[in-house]
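J.: Coordinates for the following, if possible.
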Amino acid sequence: MAFSHVVWLAVALPLAGFLVNGALALWRPEAKRLVSVVGPGVLLGSFVVSLGVLVELWREPPHAPLVVHLWSWLPVDRLQVAFAFQVDQLSTVMLLIVTGVGSLIHLFSVGYMREDPGYARYFAYLNLFVVFMLVLVLGSSFPVMFIGWEGVGLCSYLLIGFWFADKVNADAGKKAFIMNRIGDFGFLVAMFFIWRTFGSLDFAHVNERAAAVLEPGGAIVTAITLFLFLGCTGKSAQIPLYTWLPDAMAGPTPVSALIHAATMVTAGVYLVARTNVLFALAPVSSTVVAGIGALTALFAATIGLRQYDIKKVLAYSTVSQLGYMFLGVGTGAYVSGVFHLATHAFFKALLFLGAGSVIHAMHHAYHATHSHEDAQDMRNMGGLRRWMPVTFALMMIATLAIAGIPPFSGFFSKDEILAAAFARGADLPVFYLFYGMGVLAALLTAFYMARLMAMTFMGQNRTGEPERAHLHEAPWIMTGPLVVLGLLSAVGGVLNLPHLVGGHPALERWLEPVMEPGLRITQLVMPTGSTEYFLVGAAVAIGALGLFLGFRTTLGRPTPPAREAPADTGLSLVLNRKYYVDELYDAVIVRPLAWVSRVVLWRGVDQRLVDGVAVNGSAWAARVVGGGLRLLQTGQVGVYVVLFLVGALWILRAVIR
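T.: Numbers count the residues shown, from 1 in each chain. Below is the predicted model:
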C-alpha cells in the first residue's frame, strides 16, 4: 500500500476520535474506559500511517512533492484551490513529530485527567487539535494551511479555557484567541499579495516560480514575507505577540505540553521553512526574523530567571527556544531551525509532562489544604527526588538537553543555530550581535533550568510533614511516555550529527530537496576548522557555567516556602512581573479600546445614533404620521362626504385648467 496516497488517514483517524469522544461527552460522559481507548488509539493509528509515509519516501525519495487531491474546494474563475495534502520530506518530519509526541501526550493524559468530570470533552478537544495541526502541516496551499492555522487557534482557546468556570482560565483562553487573530491578519494580507503576484496559492507553484517572478530584495517579496512573519509572531509567540503563551498555562498540563512542544507554537517556524525561497529573496525580512528571534530568546530567558510557578518557567523557556528557531531560519540555516524544532519537541514535552507528574503528586499531597497555585509553586517543593526518582532523572536529561550539554539532543541543534548566526556575521555584522544575544540567552537558559531542578527536586523538602506521606511517583501510564521522551531527548541529536563528531547530517540530506531553493540563494557557509571548534567549545562552556551558577546560587541559600518568602524588590520584582508588559498593553491598548467601545461605540453610536435616531427616531416619526392620519378616520359619514367633495372639486379644477 502506498501510504503517501492514503496520508489523509492520518487526519481522518483523530477526526473520528473527535466525533466519537464528542458524542460520548454529550451523551455518555461516564464511559471513561472507551474514551481512554479511542483518544490515544486514533493518534497511535495516525503515527503508524506517518511511519509508513516515512518508509515510503526513504525508499524512493520523490523528485517533486507528492500532492494528494481530495476535492475541489474553491473553483472561482482563475482561483482554483483544491483541498489537497502535500507529502514531502518537510511535511513528513512534522507529521512524525505531531503524531508521535502527540500520542505520548495523549497517553499521559489518560492518567493525568482520569478524575476530571470533563474527561470525554477533553479528549474530543485534544483529538480535534491534532486534526487541525495535521491539516496545517500537510496543506498543499496557503488556504488549506490557513484552515489548520485557524483551527489550532480555536482548539487552543477551548483547551486553555478548559476549566472555564474559573475566570482566570477563561480570560487566558480569550487572550490566546484574540492575540492570534492579530497575527492572522498578517497571514491573510500576505495571501492576497501572493495571489496578486503569482496567480496561485499552491506552495509548489509559488516556490517554483518565486526566483523568476520576484525581484530579490524588492518591495513585493519584502511585504509578503513581513506579513507572513506577523502571522508567525502571533502563532509562535514572538515579540510583540508573545504574552498569550505564558497565560496558556491555565489549561491542563498535557495541553501545555501539546501546544508548547509539538504543535501550535512551532507553526510559525514551519511556515518560514516551507516558504524558505521567499525569505531567501527578502534579506531585510530575514534579518528582521533573526533579530526578533534573538531578542525574544534573550528577553524571555531573563523573565524565566524569576518565575516561581514551575509551568511559567517552562512557558518562558518555550518562548525563548522559539526565538532560537527563528534565529536559525532567519539566518538562512533552515535545516538547523527545523532540527531544533524536533529536538525541542522531545525535551520540552518531557519537561512539561515531568512538571505534570510533579503537579499531580503535589495536588495529592496538598489536597484540601492548599490552593491550586501553591501546588505549582516551586518554593513549596524541594527534595522531591527522594519520592520521585524516575521523574527527577528524566527531567535532568531534558535539562541537560535544553542547556546544550553534549551528547544530549539540544546541544547539536542549538550549536548549529549559533554557529550559523556567527557565520552570517561575516556578511552582515549585525548577526554578530544576534550571535551574542543567543549565547547570553543560552547562559540564562541553563541557569533558570538549574534553578528549577534545584528548587523542585533538591535541598530540603518544603511541602510539610503531613503532605510528605502523599508524595509519590506518577502511575506508569504517565511515567511511560516520559521514559520514551527521555530516550529521544538523550539521543535525538543523531538526527543531524555534524562531521565534527564523525557523524552524518541525515536530517540535512533528508530536507535538502525542500530547502534547496532557499539555500541556493542564501549561500550560507558554516564555520569549519579551528573556528568551529572554538564555537562548539564556547557553547558547551556557556551551558556548563549556567548550570553551575544556577545550582550553586539556588542551593547556596535556603528557599523559604511561598507563604513565608519575602516580597521581591528591585530587578527581581521587575522580572517576576515580566517587565510589566501586560500592564503596558493594558494601559496603552486594552483600556483605550475598551473606552472607545463603551463610550463612543456603545453610548454614542449604538444608543444615540442607532437606537436614538434610527430605531427610536423612526418609531417617533411613524407615531407622528400615524397620529395625523388617524384624525382622518373619524367614523362619521358626513366628514367623509365633505372630504370626497373637496377632493373631487380640486381634481375638477386641475383638469379644467
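J.: Report pLDDT for the nearest residue to residue 66 once chain neighbours are set aside.
T.: In space, and not counting its chain neighbours, residue 66 is closest to residue 87: 4.3 Å by C-beta to C-beta, 6 or more residues apart in numbering. For every residue, glycine as well, the C-beta is placed using N, CA and C. With respect to pLDDT, residue 87 scores 94.
J.: Kindly list the main-chain dihedrals of residue 87?
T.: Backbone torsions of residue 87, given as degrees, to the nearest 10, read phi -110, psi 110.
J.: from memory it sits against residue 54, does it?
T.: No - if you go by C-beta atoms under 8 Å, residue 87 and residue 54 don't touch, sitting 10.3 Å apart.
J.: When those two are compared, which one has more neighbours?
T.: Using other C-beta atoms under 10 Å, the more surrounded residue of residue 87 and residue 54 is residue 87, with 22 against 17.
J.: Now for this structure: which strand has the highest residue count?
T.: strand 66-76 (DSSP state E).
J.: elements contacting it?
T.: Packing contacts for strand 66-76, counted by 3 or more C-beta pairs under 8 Å, 6 or more residues apart in numbering; DSSP states H and E, involve strand 79-87, helix 142-160.
J.: List of residues touching it?
T.: 4-5, 7-8, 80-88, 140, 143-144, 204 (C-beta atoms under 8 Å, 6 or more residues apart in numbering).
J.: who touches stretch 110-121?
T.: Taking C-beta under 8 Å, 6+ apart as the rule, stretch 110-121 contacts 21-22, 24-25, 28-29, 31-32, 35-36, 39-40, 122-123, 162, 252-254, 356, 360, 474-475, 477-478.
J.: Next, the buried residues of that stretch.
T.: 110-113, 118-121 (16 or more other C-beta atoms under 10 Å).
J.: picking up where we left off before, just the buried residues of the contacts of stretch 110-121.
T.: With burial judged by 16+ other C-beta under 10 Å, the buried subset of these is 21-22, 24-25, 31-32, 35-36, 39-40, 122-123, 162, 252-254, 356, 360, 474, 477-478.
J.: In helices only, show me the residues you listed.
T.: Within those, residues falling in helices by DSSP state H are 21-22, 24-25, 32, 35-36, 39-40, 122-123, 253-254, 356, 360, 477-478.
J.: OK, contacts around the residue lying closest to residue 135 once chain neighbours are set aside?
T.: Nearest residue to residue 135 in three dimensions, chain neighbours excluded: residue 148, at 3.5 Å (C-beta to C-beta, 6+ apart). Residue 148 sits next to 132-137, 139 when contact means C-beta under 8 Å, 6+ apart.
J.: just residue 153 next, same as before
T.: 176-177, 180-181, 184, 235, 264.
J.: how much space between it and residue 131?
T.: Noted for residue 153: a distance of 13 Å to residue 131, by C-beta to C-beta, to the nearest Å.
J.: Lowest mean pLDDT among the helices and strands of this structure, which one is it?
T.: Lowest by mean pLDDT, DSSP states H and E among the helices and strands of the chain is helix 372-376, with a mean of 73.
J.: Now do the buried residues in the helix or strand following it.
T.: Remark: after helix 372-376, the chain's next helix or strand is helix 389-402, criterion DSSP states H and E. Buried residues in helix 389-402, counted by 16+ other C-beta under 10 Å: 390-392, 394-402.
J.: Reformat the residues you listed into a markdown table and put distance to residue 496 and pLDDT next to each item.
T.: As requested, the buried residues of helix 389-402 are exported to a markdown table (distance: C-beta to C-beta, whole Å; pLDDT from 0 to 100):
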| residue | distance to residue 496 | pLDDT |
| --- | --- | --- |
| 390 | 29 | 95 |
| 391 | 28 | 94 |
| 392 | 29 | 95 |
| 394 | 23 | 96 |
| 395 | 24 | 96 |
| 396 | 23 | 97 |
| 397 | 19 | 96 |
| 398 | 19 | 96 |
| 399 | 21 | 96 |
| 400 | 18 | 96 |
| 401 | 14 | 95 |
| 402 | 17 | 95 |
